[in-house]
Every structure is written in structure tokens, then in C-alpha cells.
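Enquirer: from the sequence below, what's the structure:
(one chain, ligands or ions: 1)
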Amino acid sequence: MKGFEPVRIGLVGVANFAASHKASILRMEEEGYADLVCVCIRNPEKYADAVAEYGERGTRVYTSYEEMLETERGNMELVALPTAIPDHAYTSVMAMEAGYDVLVEKAPAGAVQDVDEMILCSARTGRFCEVAFQNQSKNTVRAIKRRVCEGMFGKIERIAVMAEWVRPDSYYERNEWAGKMMYQGRYCCDGPSNNALAHYLYNALYWASPRWLHADLPVRVRGELYRAHPIEGEDTSAIAVETDGGCRITYLTTLAGWEHIGPISRIEGTEATADWSHNDGTVITWADGTTETIPPDGTREHFEVFRNTCKYMRGQSDTLNSPIAMARVHTVAINGAYESGGPPRTIAAEHVTREPKGESVFTGIDGIREILDQCYAEHKTFSEIDVPWAYQSDWVDTTNYERFEMELL
Ligand SMILES: NC(=O)c1ccc[n+]([C@@H]2O[C@H](COP(=O)([O-])OP(=O)(O)OC[C@H]3O[C@@H](n4cnc5c(N)ncnc54)[C@H](OP(=O)(O)O)[C@@H]3O)[C@@H](O)[C@H]2O)c1
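Expert: Take a look at the predicted model:
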């Protein structure tokens, strides 16, 4: 990028999703937007190959996050944090307090008070905290949002979200916090709603609002949270949300499915309905019966998160795509769901298939495909269609929601 001063980025972590951040930053290097100046690898013996590789390319390697923040003052500008969800708040706050801007992975945190700490810190220090919810950098998601903001959908009345994914036990064995509600004394709430499929609840809150760079606030939430895997958190969620803009969202996801379906969303406005699919195009049906198809543009939204952030830092983009203040509504929604539904409940073994598969163990809820299809079509939660293992929960008022506390069973 001619004339663009590359943003100097420090990356924290190596394993799992940190590899995606590395790939995005290296791509930004190729495009001239970024320079990966340092990485923090807290277990250098475990990642000896990565330490050697970074050393060869001249990227400084730190084994302590504090030391990296201290030593890089005046050099590094942006800290990329693909770290564990329960660590997001304090690692973001440390970086902003030390004078750096932050790109933290989704979900921003497990509890709204942690997100508020990040928002306050950003305001106090003047540093930004962008949340890497990459769908807000995805062309089909933004195209719907743009049309909603231009009034083309009329008022958004209902949104349904659905995804069926398969996750073997090895998914929960990749680190120590996966599938946990709390880890090392901090809220984690690791489940589809706050991790793997968090994007799609956030998308719904984003589309519900007719204001650009704004997402609707949940004012009432009802959650039903289940587990079929032998974990502490949930792997299957039905969450109903009513927003301050008057939209009803029904979010239906499982990581105990039989095949990969979705994520898909149906956005119903008074003037149009959109059928959005993560993998395919979006079809909008206008009130007069005509349709518009928006195909995926083939770009990788993970790259766009970094591209947008770098451009913003050099004044070439007016806005970040998902700043922490906007992302707060997602945490309010999931905290409300847990307050409503209580700690996740185990689905009785008679409704679940668990069997060895490959090197790991497969878990599938019997009949989940038909259940998800019916709930999605009718905008209903599992208990509302009388699924035998479902439980009823009460609505929780989240209008002024500021603190999440949960007694774990
Ligand atoms: N946007 C998406 O589509 C997407 C997809 C997947 C995951 N994610 C998100 O990515 C984040 C990470 O998830 P994950 O499953 O990859 O987590 P993970 O397995 O815990 O990996 C985190 C990495 O960060 C390192 N790390 C954490 N804290 C550190 C510190 N203070 N100093 C140095 N290194 C540190 C870990 O080091 P060690 O290995 O030494 O512990 C590990 O390499 C989560 O927020 C998750 O929700 C996003």
C-alpha cells in the first residue's frame, strides 16, 4: 500500500486461533498495512518451532506479556489478543493502560461488568478496543445492515438464527477453559452463544437496529441452556431476546449436532425479509415479491477485521467495524440468558448418542435437526414446541443490566 505507514502489531499467543491472527497479520504485511513486530509466547519450550520461526524473520519474542508491554513502548501500536475469553478483559485493560490500542477476539468477555471495565478503560486512556467479531466485516452482513439503516426493510420485527454444528470431545480438550462457565475465578461462559456461534446472536442484535454502527440492546431475555457433552457449560442454546427497538430474536444453536448446517438467519421487516446464510448468498424478498440476491464477495472477513483496524489507525477509515461499546449488547444477551435459564442443564442420556469416532468421541442429540427446523420456522424456543428434554424459563429484564453473578451447581 503505497504511502501507508504499516501499523506495528504485537501478537499474544501461538496455539489454536492465534494461528488465524498470525495469518491475518502476515497477509496485512503483504498488503503493506501492518508489520508484525513482536509476539508473546509464554511457553517457549512448548512452541520451540514457533520461537525459532519468529526469530528467523526478525520478530521479537517475549515470554512475558507484561515485559512485552513495557519494552515495546514507543514501538508497538496495536496488541492482538486471541486469548482465552476469561482473560480478555484484564489483558485488554493492561494493554490500553500501557498506551496501546487493542484488537481482542470475540466474545469480549463472560460477564457484562468485565466489558464495562474495558469500555471505561478505553474512554479513560483514549485507546480503542476493537472486538474481532468478523461478521461485521463481512459483505453480506453489512449489505443487510446498510439496507436496514436506509429504511428499506421498514421496521425489523423478528429475527431467527439457527446453526447445527458437530464438535467431538477433542474440541473441549484443546485448552483448559473450553466448555467451562468459570476459569481461574473469572467468567468464561464458554458455549455456542458466547464462543463458537456468538457471531450470529450479535449479528441479529446488529441487524435489529436501524442505526449504522449500532446494535439493539436486549431489554428482555429468556434462555434455555443445555449440555449433551460431558462439560460444565452449554453446547445447545435456545435464547429469546426482545430488544429496545422492538425486535424479537430467536437464537437456536447446537454443538451436539449430526452434521454442519448453517449458520442461517431470517430477518423479517415490515417491508422485506432476508434469508442470510453464512456460507452462501443472501436473498432479500421485498414487499412487492421481487427478490435481490447478495453473493459473498469472496474476501476473507478475518483479514478485513485487521485491514479495517489498520486503516482506521491511519485515518483511512472513519470507523472501526465492531468497537467494544457496540459489542456490549452481546454480553448482555448471554448474561440475561444465563440469569433466566440458570446454569446449563444436562440432557438425559436417553436423548443423546455418544460414540467413539476417529480419535475422539461424537455427541449428537437425537432428533435435533427436526427440532431446530421447527423452532426456526416458528420463531420458538425448545420448550415452546414441547421438546421432551426442554425446560421452561422466565424472562429476565436486562434494560439496565450491569452485573452478572451466577451460582454454579
Ligand atoms: N473469530 C472466530 O471465528 C474465532 C474462532 C475460534 C476462536 N476464537 C476466539 O479466539 C480466542 C482464543 O481461542 P482459542 O480456543 O484459540 O484459545 P486457546 O486455545 O486458549 O489459545 C490461546 C493462545 O493464547 C496464548 N495466551 C493466552 N494468554 C496469554 C498470555 N497472557 N501470554 C502469552 N500467551 C497467551 C495461549 O498460550 P498457551 O498455549 O501457552 O497457553 C495460546 O497459545 C477466544 O476468544 C475464542 O473465542 C474466535
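Enquirer: check what pLDDT residue 409 gets.
Expert: pLDDT recorded at residue 409 is 56.
Enquirer: I meant residue 29, not that one.
Expert: pLDDT recorded at residue 29 is 98.
Enquirer: residues contacting residue 392?
Expert: Counting by Cβ atoms under 8 Å, 6 or more residues apart in numbering, residue 392 touches 224, 383. Where C-beta positions appear, they are placed from N, C-alpha and C, glycine not excepted.
Enquirer: same check, this time on the one 3 residues further on
Expert: Residues in contact with residue 395 (Cβ under 8 Å, 6+ apart) are 220-222, 242, 340.
Enquirer: distance of it from residue 20?
Expert: For residue 395, the distance to residue 20 (Cβ to Cβ, to the nearest Å) stands at 37 Å.
Enquirer: okay, now the residue nearest to residue 32 when sequence neighbours are not counted: neighbour count?
Expert: In space, and not counting its chain neighbours, residue 32 is closest to residue 1: 3.5 Å by Cβ to Cβ, 6 or more residues apart in numbering. Using other Cβ atoms under 10 Å, residue 1 has 15 neighbouring residues.
Enquirer: tell me if I'm right that residue 1 and residue 34 touch.
Expert: No: the criterion here is Cβ atoms under 8 Å, and residue 1 misses it with residue 34 at 9.8 Å.
Enquirer: near the ligand, which residues of this protein?
Expert: Applying Cβ under 6 Å from any ligand atom, we find that the chain lies next to the ligand at 12-18, 40, 42-43, 46, 65, 82-85, 87, 91, 105-106, 132, 134, 174-175, 195.
Enquirer: drop anything exposed from those.
Expert: Buried members of the residues of the chain next to the ligand, scored by 16 or more other Cβ atoms under 10 Å, are 12-14, 18, 40, 65, 82-85, 87, 91, 105-106, 132, 134, 195.
Enquirer: need the contact list for the closest residue to the ligand within the stretch 1-150 of the chain.
Expert: Closest contact between the stretch 1-150 of the chain and the ligand, by Cβ to the nearest ligand atom, is at residue 13 (2.5 Å). Taking Cβ under 8 Å, 6+ apart as the criterion, residue 13 is in contact with 21, 39-41, 81-83.
Enquirer: what do you get if the cut-off is 7 Å, keeping everything else the same?
Expert: Counting by Cβ atoms under 7 Å, 6 or more residues apart in numbering, residue 13 touches 82-83.
Enquirer: same check on residue 80?
Expert: The neighbours of residue 80, taking Cβ under 7 Å, 6+ apart as the test, are 9, 11-12, 21, 25, 103.
Enquirer: coming back round to it: dump the contacts of residue 395 to JSON lines, plus neighbour count.
Expert: Compiled in JSON lines, those are given as follows (neighbours: other Cβ atoms under 10 Å):
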{"residue": "220", "neighbour count": "17"}
{"residue": "221", "neighbour count": "27"}
{"residue": "222", "neighbour count": "23"}
{"residue": "242", "neighbour count": "19"}
{"residue": "340", "neighbour count": "21"}
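Enquirer: just the ones of those in helices?
Expert: Residues of the contacts of residue 395 located in helices (DSSP state H): residue 340.
Enquirer: what is the nearest of the contacts of residue 395 to residue 257?
Expert: Nearest to residue 257, judged by Cβ to Cβ, of the contacts of residue 395 is residue 222 at 22.3 Å.
Enquirer: number of nearby residues for the nearest residue to that closest one once chain neighbours are set aside?
Expert: Spatial nearest neighbour of residue 222, excluding adjacent residues (Cβ to Cβ, 6+ apart): residue 240 at 4.5 Å. Using other Cβ under 10 Å, residue 240 is surrounded by 24 other residues.
Enquirer: other SSEs contacting the helix or strand containing residue 240?
Expert: Using DSSP states H and E, residue 240 maps to strand 236-243. Contacts defined by 3 or more Cβ pairs under 7 Å, 6 or more residues apart in numbering; DSSP states H and E place strand 236-243 against helix 198-208, strand 218-227, strand 248-254, helix 324-341.
Enquirer: for the stretch 301-409 of the chain, which segments count as helices?
Expert: Here the stretch 301-409 of the chain has its helices, by DSSP state H, counting those that start in this stretch, at 301-313, 324-341, 368-378.
Enquirer: quick one: pLDDT of the nearest residue to residue 12 once chain neighbours are set aside?
Expert: The spatially closest residue to residue 12, leaving aside those adjacent along the chain, is residue 40, at 4.5 Å (Cβ to Cβ, 6+ apart). Residue 40 is assigned a predicted lDDT (pLDDT) of 98.
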